[in-house]
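K.L.:
3D, please:
(chains A and B)
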Amino acid sequence: MTRRQLIPIAVLLLAACALPLVVSDYRVFQFNLVLVYAIALLGLNILTGYNGQISLGHGAFYAIGAYCAAILMDKYGVPYWATLPVAGAVCLVAGFLFGLPALRLEGLYLALATFALGVSLPSLLKYHRLEKWTGGVQGIVINKPEPPFGLPINADQWLYYFTLAVTVLMFVLAWNLLRGRIGRAIVAIRDQHIAAEAMGINTAMVKSLAFGVSAMYTGIAGALGAIAIQYVAPDSFNIFVSIVFLVGIVVGGLASISGAIYGALFIQFVPNIADEISKAAPWAIFGIFLIGFVYLMPMGIAGAVRMGLARLQRKAQNK
Amino acid sequence: MKLVPIAALLAMALASPAALAQKKYDPGATDKVIKIGNTNPYSGPASAYGTIGKSIGAYWKMVNEKGGINGRMVEWISYDDGYSPPKTVEMVRKLVEQDQVLFLFQTLGTPPNTAIHKYMNAKKVPQAFVATGATKWNDPRSFHWTMGWQPNYQTEGRIYAAHILKNNPKAKIGILYQNDDYGKDYLKGMKDGLGDKVGMIVKEVSYEVTDPTVDSQMVQLQASGADTFFNITTPKFAAQAIRKAYDTGWKPMHYLNNVSSSIGSVLKPAGLEKSVGLISTQYLKDPTDSQWANDPAVKEWEAFMKKYYPEGSLIQTENMYGYTVAQTLHQVLKQAGNNLTRANVMKQAASLKGYRPDTMLPGIRINTDSGDFAPIESEQLIRFDGTSWQRFGEIIGK
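P.N.:
Numbering: from 1, shown residues only, chains lettered A, B, ... in the order given. Here you go, the predicted model:
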């Protein structure tokens, strides 16, 4: 990584660390959700943006992660931080297993199969034989983690810093994965899967792995989301969650790591802005925003930022 | 003679009521306004209930035009949560921390309210008169800042069980219920009410709120040989079930939950002749029932609807519900006077004695105290005669 790349990242991190000290707790909570969504979107982006597999059912993995965290905390007294690896592992396996049969499905057919997963999960969560664990329609209420070691910050701020640390870790891991051999294989399959196979890439394995890793990211995000909201219920994970994730990665920028952050900001704040503009038809306003973004920034916000920076650079060189 | 100045001071204090009734405020209340927060599903799967939030907003518009409450205007801040608990949490935190409302009122739905239950009680901000019939809102010991309003579903289930046990102890009961907290609460009430006679239930079938029809469930119930039918469904499905029960020639003793007792939005679509003999309960006046056509309270409600909420429907009971629950809060705020602290709002909500909004059925009153956070605990049994609901028997409950 060059110094030119490092400086903006360091500035961004510093800003992220300083944020809870300057804004209200309510805003801290909102930015906490932005971080959660950023991890989820990064996961979906690995699958859809980098590997070219469309998923309309990532809300299901988000829900599985959330329920893992809630059940472990509520029924087994596991501390919140220890639920994240479990949620990630469960979703990795679930995603990998779902990825295996999904190998036979391409493009729109895969989209439909994942859609089925996303649609059916809320009903499964209500299933009466699982009710012992899932709490059925009533869901599960969990406690908010308190800051440890007597730190002089409140619970919202602590959770934000905790989520921020996890987010940084997950982004570094993704960055490492995607620029390496596996990352190139993932992209090669998207661009030309026959050529990729001819070069000796085990496409079936890589595609299933991409599915598993993607689900793992989204599952960890789900667990963090559940801890922030302190409540899980089937109504929290309807199919709309999956669609909003897809909107997030497209608006943020496909096949872009920073795009996950832009997308997360978009799905967190634009619906609220829309609701403030019009109480009667907030989703119509949201639609206008969406069309505007897609029309003006066809490569997503990340693409627009990249092009803007390149243009500035050219100008600087021409002088 | 040193006593004289003290006595004079005392006399002055007693003479001026302002000195006694000191103004006290928490965030959200001033000399000019009272800020009230709310979330409602204006979009999403439960958006049919969004009209409750709108009718309450219209009520405050009317109150403000008439001079407010003790001279203060009501500022009603209602956000859309789409019936999604995470969104409710976010919006409620905005209401409490950013908009600084005095308290929340009529937040709608059991899952959304469950999601904010702990938060509101930790923040000590009232979660007043929530819009759900779950039983858990009446728990003043553990959750001192949360209070329900409508009769809870379990109570109503027990009322029907008692009626069955009394009139037909050999009944074979078939039950259709919506597979969620609301349906299961009713079911539990019925089972608790039957007690050791729970074996009278010969068949229970459920449906999902996303199902297109309940026809196949109705056929199953009929085939089970049940002669008594407890219909725990929301309006659309209630109309389907009533029609199906009639069309297939099954003539059970039919108990319909209060949720779907509206003539205009359930019985008319089902067919009035097919609804004869239905038994249900009520606590509000049904605006579509002809017996209230000349009732002054219902007329006043109609005038209110036409002036302040003209786009609202006159046949939706939800609008009558919103108006009535808003009246109840109006009474609480009147009682609170100039002491608009959060603690006093809860205290006044918990000291309603025999209060009766004029759109509630005669004989039903609201009673609360510090150990009883269930405002309406009685209902009236009613039977449909083909044109309107006929009240029969006594008011059941407290």
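K.L.:
can you check which helix is longest in the chain?
P.N.:
No chain specified, so I'll use chain A. helix A:203-229 (DSSP state H).
K.L.:
my question was about chain B, not that one.
P.N.:
Determined from DSSP H, the single longest helix within chain B is helix B:317-336.
K.L.:
so which elements touch the longest helix of chain A?
P.N.:
Using 3 or more C-beta pairs under 8 Å, 6 or more residues apart in numbering or on different chains; DSSP states H and E, the elements in contact with helix A:203-229 are helix A:25-45, helix A:58-76, helix A:80-102, helix A:155-179, helix A:181-191, helix A:193-198, helix B:85-93. All C-beta spots, glycine's among them, are computed from the backbone N, C-alpha and C.
K.L.:
next helix or strand past that helix?
P.N.:
strand A:231-232 (DSSP states H and E).
K.L.:
ok, that following strand: who's next to it in the sheet?
P.N.:
Sheet pairing for strand A:231-232, assigned by DSSP bridges, gives strand A:140-141 (antiparallel).
K.L.:
ok now the partner strand, how far from the chain's centre?
P.N.:
In terms of C-alpha atoms, centre = their mean, to the nearest Å, the centre of strand A:140-141 is set 22 Å apart from its chain centre.
K.L.:
what sits up against that strand?
P.N.:
Outside strand A:140-141, the residues that touch it by C-beta atoms under 8 Å, 6 or more residues apart in numbering or on different chains are A:67, A:70-71, A:74, A:134, A:230-233, B:114-115, B:117-118.
K.L.:
can I get those in CSV with neighbour count?
P.N.:
Output for the contacts of strand A:140-141, formatted as CSV (neighbours: other C-beta atoms under 10 Å in any protein chain shown):
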residue, neighbour count
A:67, 28
A:70, 28
A:71, 22
A:74, 16
A:134, 22
A:230, 23
A:231, 25
A:232, 33
A:233, 30
B:114, 26
B:115, 28
B:117, 22
B:118, 17
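K.L.:
lowest-confidence one in those?
P.N.:
Among these, residue A:134 carries the weakest pLDDT, at 81.
K.L.:
pretty sure that residue contacts residue A:68?
P.N.:
No - if you go by C-beta atoms under 8 Å, residue A:134 and residue A:68 don't touch, sitting 11.0 Å apart.
K.L.:
what about the residue of the stretch 1-150 of chain A found nearest chain B, how many residues nearby?
P.N.:
Residue nearest to chain B within the stretch 1-150 of chain A: residue A:26 (4.0 Å; C-beta to the nearest C-beta). For residue A:26, the neighbour count with other C-beta atoms under 10 Å in any protein chain shown is 17.
K.L.:
kindly report the same for residue A:274.
P.N.:
By other C-beta under 10 Å, neighbour count at residue A:274 equals 20.
K.L.:
figure out the helix or strand that the nearest residue to it once chain neighbours are set aside lives in.
P.N.:
Distance criterion C-beta to C-beta, 6 or more residues apart in numbering or on different chains; nearest residue to residue A:274, sequence neighbours excluded, is residue A:285 at 3.8 Å. Here residue A:285 sits within helix A:282-296, counting by DSSP H and E.
K.L.:
if we can go back for a sec, for the residue nearest to residue A:274, give me its contacts.
P.N.:
A:273-274, A:277-278 are the contacts of residue A:285 under C-beta under 8 Å, 6+ apart.
K.L.:
go on, residue A:41?
P.N.:
Here residue A:41 is in contact with A:245, A:248-249, A:252, A:259-260, A:263-264, A:267 (C-beta under 8 Å, 6+ apart).
K.L.:
kindly export the helix or strand encompassing residue A:4 (C-alpha atoms) in PDB.
P.N.:
Per DSSP H and E, residue A:4 falls inside helix A:3-22. The C-alpha coordinates for helix A:3-22 follow below in PDB (Å, rounded to 0.1, in the frame of the first residue of the first chain):
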ATOM      1  CA  ARG A   3       1.700   6.400   1.200                       C
ATOM      2  CA  ARG A   4      -0.900   8.100  -1.000                       C
ATOM      3  CA  GLN A   5      -3.400   5.400  -0.200                       C
ATOM      4  CA  LEU A   6      -2.500   5.200   3.500                       C
ATOM      5  CA  ILE A   7      -3.000   8.900   4.300                       C
ATOM      6  CA  PRO A   8      -6.700   9.100   3.500                       C
ATOM      7  CA  ILE A   9      -7.400   5.900   5.300                       C
ATOM      8  CA  ALA A  10      -5.600   7.100   8.400                       C
ATOM      9  CA  VAL A  11      -7.600  10.400   8.300                       C
ATOM     10  CA  LEU A  12     -10.800   8.400   7.900                       C
ATOM     11  CA  LEU A  13      -9.900   6.200  10.900                       C
ATOM     12  CA  LEU A  14      -9.100   9.200  13.000                       C
ATOM     13  CA  ALA A  15     -12.400  10.800  12.100                       C
ATOM     14  CA  ALA A  16     -14.200   7.600  12.900                       C
ATOM     15  CA  CYS A  17     -12.500   7.400  16.400                       C
ATOM     16  CA  ALA A  18     -13.300  11.100  17.200                       C
ATOM     17  CA  LEU A  19     -16.900  10.900  16.100                       C
ATOM     18  CA  PRO A  20     -18.500   9.600  19.300                       C
ATOM     19  CA  LEU A  21     -16.900  12.400  21.300                       C
ATOM     20  CA  VAL A  22     -18.500  15.100  19.200                       C
END
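K.L.:
show me what it is packed up against.
P.N.:
Against helix A:3-22 (3+ C-beta pairs under 8 Å, 6+ apart) you get helix A:25-45, helix A:155-179.
K.L.:
thinking again about what came up before, and the helices and strands packed on helix A:203-229 as CSV, adding distance to residue B:282?
P.N.:
Listed next are the helices and strands packed on helix A:203-229 as CSV, based on distance: least, C-beta to C-beta, whole Å:
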stretch, distance to residue B:282
helix A:25-45, 41
helix A:58-76, 39
helix A:80-102, 46
helix A:155-179, 45
helix A:181-191, 62
helix A:193-198, 65
helix B:85-93, 29
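K.L.:
before we move on, the earlier item: packed most tightly, which of the helices and strands packed on helix A:3-22 would that be?
P.N.:
Counting by mean count of other C-beta atoms under 10 Å in any protein chain shown, helix A:25-45 has the highest mean neighbour count of the helices and strands packed on helix A:3-22, with a mean of 25.
K.L.:
average pLDDT across it?
P.N.:
Helix A:25-45 comes out at a mean pLDDT of 94.
K.L.:
quick one: it to helix A:3-22, angle?
P.N.:
Angle, helix A:25-45 to helix A:3-22, by axes from the mean of the first three to the mean of the last three C-alpha atoms, to 10 degrees: 140 degrees.
K.L.:
ok, the residue of the stretch 201-350 of chain B found nearest chain A - how many residues close by?
P.N.:
Residue nearest to chain A within the stretch 201-350 of chain B: residue B:208 (6.6 Å; C-beta to the nearest C-beta). Per other C-beta under 10 Å, the neighbour tally for residue B:208 reads 11.
K.L.:
can you name the element that comes right after the longest helix of chain B?
P.N.:
Using DSSP H and E, the next helix or strand after helix B:317-336 towards the C-terminus is strand B:339-340.
K.L.:
list the strands paired with that next one, with their directions.
P.N.:
Here, using DSSP bridges, strand B:339-340 pairs with strand B:24-25 (parallel).
K.L.:
show me the contact partners of the partner strand.
P.N.:
By C-beta under 8 Å, 6+ apart, the surrounding residues in contact with strand B:24-25 are B:338-341, B:344.
K.L.:
again, only using 10 Å
P.N.:
Contact with strand B:24-25 is made by B:31, B:34, B:102, B:336-344, as judged by C-beta atoms under 10 Å, 6 or more residues apart in numbering or on different chains.
K.L.:
who wins for most neighbours among those residues?
P.N.:
Within these, most neighbours by other C-beta under 10 Å means residue B:102, with 27 neighbours.
K.L.:
in this structure that residue contacts residue B:332, no?
P.N.:
No - Residue B:102 is not in contact with residue B:332 according to C-beta atoms under 10 Å; the separation is 11.7 Å.
K.L.:
residues that sit against both of the two, list them.
P.N.:
Contacts common to residue B:102 and residue B:332, judged by C-beta under 10 Å, 6+ apart, are B:126, B:128, B:345.
K.L.:
nothing else from me, thank you.
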